[in-house]
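Novice: After the sequence you'll find the predicted model.
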Amino acid sequence: MSRKLTLLVLAIFSQETLSCSITLSGYLEALIPHFELRHVTILEDNVSHSTSKTDFAKRLFKSGLKIKWIDNVQEAFHYDADNPMVYCPGSNYGLNWIMSVIEKDHQIAVKNPIFIWHQDTIVNANVTDVRIDQRVYHIVEQSSELIEAYHINGQVVRNTLGHFQESNRTVTRYVPTEIGSQGFVGRRTNLFGYHIVAMTETDPDATYFLKDFESKATFYEANQTYDVTEFVYGPYYDYFLLLSDMFNFTFTLYKRKDSQWGGLDEATRLPTGMMSNLVDGSAELVMTSYSMTLLRSGFVDYLPVISSGKYSIAIRSQAIPVPSWTTFFNPFRIDLWIVLVIVSLFLAMWLHLANLDGTSKSWKVCNHN
């Protein structure tokens, strides 16, 4: 099932960009089926254009978009992380301003996109200040294109994701290019040799260290870690090697001397162990079987699960008695069995003697007749 998105539109209206509302509505309408837009929030730039607002709202309402208007720029950038955003530069807040905000705030456009509307061809170099994990797209009216530009490891990547088709000066639909049809992850699989710093730890069936690695690996006193890049093996390490080839990145693996996986310090309420390395930025990921817990999920993100396990409590099993011939003697004590044997022997002897005596008398009678 596809996920429905709520769209936060930062449409900065000014006298110079009065037509933005009408033009932008056409582009958004064309993007609805491709980005699953459902809700729209628009920011005004100190000027009220009731006619533009009404036309904008009516057109998008017919397309299934709900409209909300706000007039505070700062409020707009404290949006919910689940809301995409569209920005139409105005006189007070231009392209340089929005790009500087995106560059400084690493959380913007990571989970959901920002669309920036341009009347002219993109010529400002700062549009490439976007990182590879930020979803920033440029709607260029002059060329009727949707473009993305980002940088990674010194490389600038620019892709044309699609084209807008027009009829009678009205945008009718959006046609994605071949690369635009690949999706966000599919387009950004090349990290151009980016170097990743990762933490690791030994774990059964996941990662292992070579014997005596402590005496061979480089140890760093400053952060109490070993460089174990050349001393790790196991299934998870093999997976990581495959990923490095697929996404074109290099890596260095470190192990903490204290071997702490990561929890929460009760006194400081700060992360500990490998989780602290992720939070403070000294490492970018953990390469091992890292259990997903409610506490950790509040500080770090997880890749899709590739293995699962379960915990259990072991208890001593109840002993099952081995069958023995002595089992039949257990109901009574040995001294009672001795008495019973003696009584049984005496009784058997008495009955035998009594039977012989009776037989003799019967024979005598028989002979007499």
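Specialist: Now that the structure is in, tell me what you want to look at. Numbering: from 1, shown residues only.
Novice: where does Ala198 fall, helix, sheet strand or coil?
Specialist: strand (DSSP: H, G, I helix; E, B strand; the rest coil).
Novice: Count the residues that sit near it.
Specialist: The tally of other residues near Ala198 (other CB atoms under 10 Å) stands at 19. The C-beta positions use only the backbone N, C-alpha and C, and glycine is treated the same way.
Novice: didn't it look like it was pressed against Thr250?
Specialist: No: applying CB atoms under 8 Å, one finds Ala198 not in contact with Thr250, separated by 10.8 Å.
Novice: His163 sits in which helix or strand?
Specialist: strand 155-167 (DSSP states H and E).
Novice: Residues contacting that strand, please?
Specialist: For strand 155-167, the external contacting residues (CB atoms under 8 Å, 6 or more residues apart in numbering) are 26-27, 30, 34, 128, 132, 137, 139, 144-151, 171-177, 179-180, 187-188, 192.
Novice: Name every strand pairing with it and say which way it goes.
Specialist: strand 145-152 (antiparallel), strand 170-176 (antiparallel) (DSSP bridges).
Novice: Pull up the per-residue confidence for the residue most central in space within the chain.
Specialist: Centroid check for the chain by CA atoms, centre = their mean gives Tyr302 as the closest residue, at 3.0 Å. Looking at Tyr302, its pLDDT reads 85.
Novice: cool, and Leu353?
Specialist: For Leu353, the predicted pLDDT is 81.
Novice: And for it, the neighbour number?
Specialist: 10.
Novice: same question, Arg38
Specialist: For Arg38, using other CB under 10 Å, the count is 14.
Novice: That one touches Gly64, doesn't it?
Specialist: Yes: at 7.1 Å, Arg38 and Gly64 qualify as touching, with contact defined as CB under 8 Å.
Novice: picking that back up, quick one: buried ones out of the contacts of strand 155-167?
Specialist: 26-27, 30, 34, 128, 132, 137, 139, 144-150, 171, 173-174, 180, 187-188 (16 or more other CB atoms under 10 Å).
Novice: list the contacts for the residue nearest to the centre of the chain?
Specialist: By CB under 8 Å, 6+ apart, the residues touching Tyr302 are Tyr290, Met292.
Novice: Just the element for Leu243, please.
Specialist: Using DSSP H and E, Leu243 sits in helix 235-247.
Novice: With Leu31 instead?
Specialist: Using DSSP H and E, Leu31 falls in helix 20-35.
Novice: Need the pLDDT of Phe63.
Specialist: Heads up, residue 63 is Ser, not Phe. Note on Ser63: pLDDT of 71.
Novice: Spatially nearest residue to it (excluding sequence neighbours)?
Specialist: The shortest distance from Ser63 to any non-neighbouring residue, by CB to CB, 6 or more residues apart in numbering, is to Glu29 (4.9 Å).
Novice: same deal with Val300?
Specialist: Leu278 (5.0 Å).
Novice: Just the element for that neighbour, please.
Specialist: Applying DSSP H and E, one finds Leu278 within helix 273-280.
Novice: Give me the distance between that helix and the centre of its chain.
Specialist: Its chain's average C-alpha position is 16 Å from that of helix 273-280, according to CA atoms, centre = their mean, to the nearest Å.
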